[in-house]
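Trainee: need a 3D model of the sequence below.
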Amino acid sequence: MEFLLLVFSEIQRFPFFCEVCVMTEKQSETKSSVVDSVVFHGKLSELYRLAKEGKIETHLQGSHTRPCKFWTAMKILSGVRNSIVITHGPSGCAFGVKQAYKLTNSRNSGSPYEAVLSTAIDQTRVVYGGDRELKVALREVEAKYHPDAIFVATSCAAGIIGDNVDAVVDSMRAEIQAEMLPIHCEGFAGEYRSGFDLVFRELVKLMKPPTDEQRASLAKSVNIVGGKMGPERTEVDTDVKELLRLIEGMGAKVNAVIAGDCSLEELQRAPSVAVNCALCLDVGYAVGMAMLETYGTPLNSTILPYGISATEKWIEGAAKHLGMEREAKALMAREYAAIRDEFEAVRASLEGKTAIVEGHDAIKSLSIAHMLEKDFGMRAVIYNFHPWSSKARETSIDYLLETGLDPEILITKGTLAFGKYESMKQTEEELLAFLGDLDPLKTVYFGSSLSFPHIPLVDLNAILNRPRFGYRGALKVAKCVKTALDYAFRPRSALMKKIVFPEKSGLNSSQSLTSKLASDMPDCTMYAPGRKRGCGCMN
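Mentor: Predicted coordinates:
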């Protein structure tokens, strides 16, 4: 009733608000269907408990599958500079990862293209083995490219036929000058997360034990661990660049971003730094723990540094091991002073409002919820957080719960249905029903630009004028939320919604039917469909 009075009081300013009243009444009639569609609605800790006890399904259905172990392994290997990857398997395996990673690196950063090669196993080699082809490939790579390192990544075909890749590589060590490392990452041998962990642990084999001399020279240096894919974009202030700036602003240095365009030399001396700082708690944890266990290198592990609170924990953790607590305190004071007036004014307008956070990227959604609650004073509800994530992301969930944050989680049946759940008609309708009487002037949706709730939408993936980490990132995100709310009255294009959700499409969407649409979406503020009152899509 309070919301309806607010809406009617605003009709003279924006006459089309009356449409919202009609829509709200219709939504109120569907409350029973909301209850029917909910699989889980409660705190993260409760979902975590149910998953551990086997009382909620945690497997991914076919439509929600992630990249295989081979793909994620290749994503990390692509971040080692002046290295060549030989994919031991059919040529198609090399083509896909080359397009996705190495060529993307070159296009975005201007870095030289480093080849991804294949032993091109065919029907004959699948029967008789591909040892000879692998030896020929190693000799060719050494003669043609002279890399610092050669990685031999096994595909499914090589894993199934059981080629002894380790023996082949060992037999060639006297002949090949480059460091060689077999990576057993056949896709069927593990889920996608295991590819990250595998390669990070294997990279530790290339490192050298610390010496007193090296420890002294790197006493004020850190590694940022958990990077992947390669060099940063040249034209964008990326999140990694922001973390580099903060470390250097404290008076310390960064030895390497592992594996974000790190060299073999940087890897070899990496154990001698004062501390490893995890870029992403989940992905950086494997290499950080392996280095801690093997070489005793300390690990500073936190969630993604979205927002001021998480950023300060990240800085303080690094400073403790660097012996630079005083410098860190001065840095944090300077950084906050630079944004204080603007940030506090924006925060005042956001406090008490609600944010619905799309949960298909579990780590990001948990980190964003942490920022929204701790720094912006907002209520955060994570929507579409797949139960699978409660098992796959245990490290991050444990950490988050230890900090005292226990965000609200909503999972509906659409999340577990056929389709692509980031942008899917069933979850769209379930979201609208859940929103019900929530005030559209006080509610914002963090998610894909292909989603069409009747509340303001913020798509952090579309923000190219970054960073999103650190103090500057906190101000940037807060301003995006405020702008989306300020322009909530602007209608979105009905045509765009018809493209995303074609008529009579069932659970299909443009993202599931034509994936190229999503990758080619323009980086601009875009307004889309169909109710009389829509929301601004803040890029």
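Trainee: poorly predicted segments of this structure, please.
Mentor: Counting by pLDDT under 70, the ranges of the chain that qualify are 1-35, 60-65, 392, 418-425, 435-437, 452, 463-465, 491-494, 496-539.
Trainee: now do residue 486 against residue 113, distance only.
Mentor: Here residue 486 is placed at a distance of 44 Å from residue 113 (Cβ to Cβ, to the nearest Å). Bear in mind the C-beta positions are built from the backbone N, C-alpha and C, glycine included.
Trainee: scratch that, residue 223
Mentor: Between residue 223 and residue 113 the computed distance is 26 Å (Cβ to Cβ).
Trainee: neighbour count for those two, which is higher?
Mentor: Legend: neighbour count by other Cβ atoms under 10 Å for residue 223 and residue 113, higher for residue 223 (32 against 11).
Trainee: which secondary structure elements does the helix or strand encompassing residue 245 contact?
Mentor: Here residue 245 sits within helix 239-249, counting by DSSP states H and E. Counting by 3 or more Cβ pairs under 8 Å, 6 or more residues apart in numbering; DSSP states H and E, the packing neighbours recorded for helix 239-249 are strand 221-225, strand 253-258, helix 307-322, helix 325-350, helix 470-486.
Trainee: who's in contact with the residue lying closest to residue 184 once chain neighbours are set aside?
Mentor: Leaving aside its sequence neighbours, residue 184 sits nearest to residue 154 (Cβ to Cβ, 6 or more residues apart in numbering; 5.3 Å). Contact partners of residue 154, counting by Cβ atoms under 8 Å, 6 or more residues apart in numbering, are 88-89, 163, 165, 182-186.
Trainee: repeat that for 7 Å
Mentor: 88-89, 165, 183-186 (Cβ atoms under 7 Å, 6 or more residues apart in numbering).
Trainee: residue 204 too?
Mentor: Counting by Cβ under 7 Å, 6+ apart, residue 204 makes contact with 287, 290-291, 294.
Trainee: which outside residues touch stretch 179-189?
Mentor: So stretch 179-189 is contacted by 68-70, 73, 77, 148-156, 158-159, 165-166, 169, 173, 195, 198-199, 202, 205-206, 264 (Cβ under 7 Å, 6+ apart).
Trainee: which one of the contacts of residue 204 is nearest to residue 416?
Mentor: The closest of the contacts of residue 204 to residue 416 turns out to be residue 287 (Cβ to Cβ; 32.9 Å).
Trainee: which residue is the nearest non-sequential neighbour of the closest one?
Mentor: residue 200 (3.5 Å).
Trainee: quick one: the one you found and residue 285 touch, right?
Mentor: No. Here residue 200 does not reach residue 285: they are 8.8 Å apart, not a contact under Cβ atoms under 7 Å.
Trainee: comparing these two, which residue is more hemmed in?
Mentor: Remark: of residue 200 and residue 285, residue 200 carries more neighbours, 25 against 21, as counted by other Cβ under 10 Å.
Trainee: got phi/psi on that one?
Mentor: phi -60, psi -40 (degrees, to the nearest 10).
Trainee: correct me if wrong: residue 176 contacts residue 140.
Mentor: No. Counting by Cβ under 7 Å, residue 176 stays clear of residue 140, with 10.9 Å between them.
Trainee: quick one, which of the two is more surrounded?
Mentor: A count of neighbours by other Cβ under 10 Å puts residue 176 above the other of residue 176 and residue 140, at 17 against 13.
Trainee: what are the phi and psi values at that one?
Mentor: With angles defined as degrees, to the nearest 10, residue 176 sits at phi -110, psi 130.
Trainee: quick one, what contacts it?
Mentor: Residues near residue 176 by Cβ under 7 Å, 6+ apart: 138, 142.
Trainee: now with 10 Å, please.
Mentor: Counting by Cβ atoms under 10 Å, 6 or more residues apart in numbering, residue 176 makes contact with 135, 138-139, 141-143, 147, 150, 169.
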